[in-house]
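Novice: Okay, predicted coordinates and the sequence, questions at the end:
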Amino acid sequence: MKAIWNNVIIAESDDTVVVENNHYFPADSIKKEFFKDSSTHTTCPWKGQASYFSLIVDGKENPDAAWYYPEVSELAKGIKGRVAFWKGVTVEK
């Protein structure tokens, strides 16, 4: 699977986990040069507290377009160490 934003592949892996229709990519499959830490956090009742990355590709920024769970609940242990996308990021084979 490939995660693409602004016509650039920002993550690629054959080992994604799908939860709630979102592909979670292994953290080591993201191209870190396009990711910037964000101070945004949200809480999911069953997964835990999410942290976010903003994407920067070719001078364009997509704030909080990727998220991950630094600490996951027991129910969400399958996505520990993984990153998912939204806000215009397409995921395709």
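Specialist: Ah, there it is.

Novice: Just the strands from this structure, written as ranges.
Specialist: If DSSP state E is used as the criterion, the strands of the chain fall at 2-5, 8-12, 17-19, 22-26, 35-44, 48-57, 60-68, 82-85, 90-92.

Novice: Which one of these lies nearest to residue 74?
Specialist: Nearest to residue 74 among the strands of the chain is strand 48-57; the distance by Cβ to Cβ comes to 9.9 Å. To be clear about C-beta, it is placed using only N, CA and C from the backbone, and glycine gets the same treatment.

Novice: For residue 13, list the residues it contacts.
Specialist: For residue 13, the contact set (Cβ atoms under 8 Å, 6 or more residues apart in numbering) comprises 1, 25-26, 29.

Novice: Which one (most neighbours) among those?
Specialist: Within those, neighbour counts (other Cβ atoms under 10 Å) peak at residue 25, which reaches 26 neighbours.

Novice: Check it and give its pLDDT.
Specialist: Residue 25 carries a pLDDT value of 98.

Novice: quick revisit: among the strands of the chain, which comes closest to residue 76?
Specialist: Taking Cβ to Cβ, strand 48-57 is the member of the strands of the chain nearest to residue 76, at 6.4 Å.

Novice: out of the strands of the chain, deepest packed?
Specialist: Each of the strands of the chain was scored by mean neighbour count; the highest is strand 82-85, a mean of 25, by mean count of other Cβ atoms under 10 Å.

Novice: same question for that one, mean pLDDT?
Specialist: Confidence for strand 82-85, expressed as mean pLDDT, is 98.

Novice: Neighbouring strands - and their directions - for that strand?
Specialist: strand 22-26 (antiparallel), strand 60-68 (antiparallel) (DSSP bridges).

Novice: Name the residues that touch that strand?
Specialist: By Cβ under 8 Å, 6+ apart, the residues outside strand 82-85 that reach it are 3, 5, 10-11, 16-17, 19, 22-27, 30, 53, 65-68, 91.

Novice: 10 Å instead?
Specialist: Residues from elsewhere that reach strand 82-85, judged by Cβ atoms under 10 Å, 6 or more residues apart in numbering: 3-5, 10-11, 13, 15-30, 35, 50-53, 55, 62, 65-69, 72, 76, 91.
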